[in-house]
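Undergrad: Based on what follows, work out the 3D shape:
(2 chains)
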Number of protein chains: 2
Amino acid sequence: MNTEQQKTLVLSGDNVNSIVDLYGLNNLMDRLIEELERAIQSFDANNTEIPIRSGFNYENANPGLVEWMPLYKKDKEVVIKVVGYHPKNPDVHSLPTILSTISSYDTATGHLKGLVDGVLLTALRTGATSAIASKYLAKPTSSILGLIGCGAQSITQLHALSRVFDLKKVLLYDVDSDAITSFRDRSEMLDLAVEISQASLTEIMRQSDIVCTSTSIDVGQGPLFDNVETNRSIHINAVGSDFPGKTELPLNLLKNSLVVPDFLQQAVIEGECQQLEAKDIGPDLVDLIQNQKRFEQVKKSSTVFDSTGWALEDQVVMDLFLNLANEFSIGLELAIENTSADAKNPYHYFLKSVQVS
Amino acid sequence: MNTEQQKTLVLSGDNVNSIVDLYGLNNLMDRLIEELERAIQSFDANNTEIPIRSGFNYENANPGLVEWMPLYKKDKEVVIKVVGYHPKNPDVHSLPTILSTISSYDTATGHLKGLVDGVLLTALRTGATSAIASKYLAKPTSSILGLIGCGAQSITQLHALSRVFDLKKVLLYDVDSDAITSFRDRSEMLDLAVEISQASLTEIMRQSDIVCTSTSIDVGQGPLFDNVETNRSIHINAVGSDFPGKTELPLNLLKNSLVVPDFLQQAVIEGECQQLEAKDIGPDLVDLIQNQKRFEQVKKSSTVFDSTGWALEDQVVMDLFLNLANEFSIGLELAIENTSADAKNPYHYFLKSVQVS
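TA: You can find the predicted model right below:
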């Protein structure tokens, strides 16, 4: 019996941090962008099945949702991310709103290969995906980045984009002035030579080459702005819209832009694409990247990447961390599954040891 | 911050065995039957959502499937069992065909409360459910049990039924004579005062008060028998049929019996109910138990419990083991989730520690 196969590698949030420590934050983001771009380039729906995510969404005294995002990669693995979203967590339980874990199952045996805390991995892959989309949709000379919403996502968006573009200036907008004030401190460890300043929505949309929207605007309260003049070749990574009824961008801006969803079926339910008819939606990210010659002109026009979160991103970042964990010998290897040799007897273990009473 | 909330209790197969050791196999089965019966009696679809299971089913050089069975219990938990089924495991990898783990998430926060090996728990709950169904469908004086298919399931079926009925005689049938020969040894630790003998299908169906079918008949190869006379008040627990195209019982027997599915929507896809039209299907297990007065006469007639495996069973057995694990201080408590206090900065941890290079 191959005892290696029976171990589950568990990576806690602390283990994940240690891996980033050892590998370096910039090295890690660069490698993630590279591996994720390659995965999108070679994505083949015949080999990788990604059903739309599904879950339980409850509206009671303590509203929240638990959802699962499954992926099957032929002859390799099934990856399932389970995400909890509980908006009262910070105030009531001193816990983050979002908790998540990612599990990987070997398709040769069904064995649970790994279980990894999903919080940092999700933030990293969301940033990396925006950077990749921007590489194909924004002007290569883009140097001004606008961040609408300066929470957790904005840090990884800035980081990932800074690895692909030579950013000179970052413009900040948030309804919460504390988020703007603290942004400089929070982004300091990225050690970027950029000018950071607060700006109005109007200024951001007119001046920025690339904008990332990642706000927590309430369902039904969008868009964030309307009738605002934009830089003509603006590219927007619309990250915040990820729930039915939650949208950030105005309809006329979407209609005048090439809108690229990460995952069409999901984007029409919970992304900016909710607002659009099929005819107004552009290629998805896979189509864009696999057929880039056909879409070369788009860098000169207004574009939107409708990012709702795709299981392929989770699989790539999960594999990267499992590989690095093995390389650095980080994490806890546990024998969780019962692999008792007597397949015909679930009580095998008790044959001699238990006195039935 | 409540640090208790951040720990995930991991119970390996070994931990599960230790819990059974300490509590006693019979005590455990009795308590499981009691708690599961109570859960079915009080089941309310307004408080417990159970979608049909879903998964990836692959047919390549190494066929298999990975599926997930989710449940949401209002104001308590989300439970997800992930099951791998890989028929080549025993020969190729010296691993069991079925591997599974069950996870429980607190609906107050989304926190992963527990992760438990699912193999023994599944066997136990499948046995317990047959015992409960038999209590409501079979004659109270039932004393002869027929086991068609003498693999792993037959042990837990016998065990659970022996806790509810005063069994005198067990009749065995299996296409694999080794399974019959080894059955006596495998069931020895149950310490039952029953007469065990091999029998033909015809004898089993004519003599038994209760029959359990749990064979591994191939898809499309059913039924196991046809045109066989049965004990007029026979009750059959049809356990083996759990896949589209896989059925064990002949259509005329089903049509002449009250057929009670565990979970109707699922049973019509993968249970014996595949063979039936809606009009030929009886109440489901919840309806039967919650309205037992209406169905009292059924104990005198031929009945079939169509057991496909229901997430409620997994939730009840999972909770029982998590409770016992806490009681006996068994299992590993791990802080898996990143619950970093700075919700606005996924890179919080790196602020001071990382030299970005």
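
Undergrad: Chain B versus the most centrally placed residue in chain A, what's the distance?
TA: Centroid-nearest residue in chain A: A:Thr126, 2.9 Å away (criterion: C-alpha atoms, centre = their mean). Using C-beta to the nearest C-beta, to the nearest Å, A:Thr126 is found at 10 Å from chain B. All C-beta spots, glycine's among them, are computed from the backbone N, C-alpha and C.

Undergrad: Residue in the stretch 201-350 of chain A with the shortest distance to chain B?
TA: A:Asn338 (2.6 Å; C-beta to the nearest C-beta).

Undergrad: circling back to that earlier point, so the residue nearest to the centre of chain A, which of the three states?
TA: Following DSSP: H, G, I helix; E, B strand; the rest coil, the label given to A:Thr126 is helix.

Undergrad: What degree of burial does whichever residue of the stretch 101-250 of chain A sits closest to chain B show, as a neighbour count?
TA: Per C-beta to the nearest C-beta, A:Gly110 is where the stretch 101-250 of chain A lies closest to chain B, at 1.8 Å. If you count neighbours by other C-beta atoms under 10 Å in any protein chain shown, A:Gly110 ends up with 26.

Undergrad: In chain A, where is pLDDT below threshold?
TA: For chain A, the stretches flagged by pLDDT under 70 are A:1-5, A:340-343, A:351-357.

Undergrad: Show me how it divides into domains.
TA: Per automatic domain parsing, the domain ranges recorded for chain A read A:4-120+A:312-346, A:129-309.

Undergrad: is chain B contacted by the longest one?
TA: Yes: residues of domain A:129-309 contacting chain B under C-beta under 8 Å from any C-beta of the partner chain: A:150-152, A:155-156, A:159, A:179, A:182, A:186, A:188-191.

Undergrad: In helices, which of these appear?
TA: Cross-referencing the residues of domain A:129-309 next to chain B against helices under DSSP state H gives A:152, A:155-156, A:159, A:179, A:182, A:186.

Undergrad: can you tell me which of the residues you listed lies nearest to A:Pro244?
TA: A:Ala152 (22.2 Å; C-beta to C-beta).

Undergrad: Would you mind measuring from the residue found closest to A:Asn46 once you drop the neighbours it is linked to in the chain to A:Thr48?
TA: Distance criterion C-beta to C-beta, 6 or more residues apart in numbering or on different chains; nearest residue to A:Asn46, sequence neighbours excluded, is A:Lys74 at 8.0 Å. According to C-beta to C-beta, to the nearest Å, A:Lys74 and A:Thr48 sit 7 Å apart.

Undergrad: Can you report how many residues lie near A:Leu171?
TA: Quick note: A:Leu171 (other C-beta under 10 Å) scores 22 neighbours.

Undergrad: again with A:Leu28
TA: 20.

Undergrad: show me what contacts it?
TA: A:19-20, A:124, A:320 (C-beta atoms under 8 Å, 6 or more residues apart in numbering or on different chains).

Undergrad: Please apply the same query to A:Leu124.
TA: A:Leu124 sits next to A:28-29, A:32, A:156, A:160, A:317, B:346 when contact means C-beta under 8 Å, 6+ apart.

Undergrad: want to throw those into a markdown table with secondary structure and distance to A:Gly114?
TA: Listed next are these as a markdown table, based on DSSP: H, G, I helix; E, B strand; the rest coil; distance: C-beta to C-beta, whole Å:
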| residue | secondary structure | distance to A:Gly114 |
| --- | --- | --- |
| A:Leu28 | helix | 17 |
| A:Met29 | helix | 21 |
| A:Leu32 | helix | 17 |
| A:Thr156 | helix | 22 |
| A:Ala160 | helix | 24 |
| A:Val317 | helix | 12 |
| B:Pro346 | coil | 20 |
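
Undergrad: Return the member of those nearest to B:Leu258.
TA: A:Val317 (51.8 Å).

Undergrad: Surely that closest one and A:Leu32 touch.
TA: Yes: counting by C-beta atoms under 8 Å, A:Leu32 is a contact partner of A:Val317 at 6.1 Å.

Undergrad: more crowded one of these two?
TA: Higher neighbour count among A:Val317 and A:Leu32: A:Val317, with 28 against 25, using other C-beta under 10 Å.

Undergrad: For that one, give me its contacts.
TA: A:32, A:36, A:121-122, A:124-125, A:128 are the contacts of A:Val317 under C-beta under 8 Å, 6+ apart.

Undergrad: how far away is the residue nearest to the centre of chain A from B:Lys139?
TA: Counting by C-beta to C-beta, the gap from A:Thr126 to B:Lys139 is 61 Å.

Undergrad: Equivalent analysis for A:Asp209, please.
TA: According to C-beta to C-beta, A:Asp209 and B:Lys139 sit 79 Å apart.

Undergrad: Would you mind naming the helix or strand containing the closest residue to A:Ala199 other than its chain neighbours?
TA: Closest residue to A:Ala199 in three dimensions, ignoring its sequence neighbours and counting by C-beta to C-beta, 6+ apart: A:Leu171, at 3.9 Å. Element membership of A:Leu171, judged by DSSP states H and E, is strand A:169-173.

Undergrad: Residues touching that strand, excluding its own?
TA: A:143-150, A:158, A:180, A:183, A:194-201, A:203-204, A:207-208.

Undergrad: In helices, which of those residues fall?
TA: Cross-referencing the contacts of strand A:169-173 against helices under DSSP H gives A:158, A:180, A:183, A:201, A:203-204, A:207.

Undergrad: between the residues you listed, which is closest to B:Ile236?
TA: Nearest to B:Ile236 among the ones in helices among the contacts of strand A:169-173 is A:Leu158, at 64.2 Å by C-beta to C-beta.

Undergrad: residue contacts, the closest one?
TA: By C-beta under 8 Å, 6+ apart, the residues touching A:Leu158 are A:127, A:145, A:147, A:167, A:170, A:187, A:190, A:192, A:212.

Undergrad: so which of those residues is the most crowded?
TA: For the contacts of A:Leu158, the largest neighbour count, defined by other C-beta under 10 Å, is 31 neighbours, found at A:Leu147.

Undergrad: So that residue sits against A:Thr156, correct?
TA: No: counting by C-beta under 8 Å, A:Leu147 stays clear of A:Thr156, with 11.1 Å between them.

Undergrad: Need the residues touching each of these two.
TA: Among the neighbours of A:Leu147, none is also in contact with A:Thr156 (C-beta under 8 Å, 6+ apart).

Undergrad: Mind jotting down where the strands sit in the stretch 51-200 of chain A?
TA: Taking DSSP state E, counting those that start in this stretch, the strands of the stretch 51-200 of chain A run over residues A:54-58, A:64-73, A:77-85, A:98-106, A:112-117, A:144-148, A:169-173, A:195-198.
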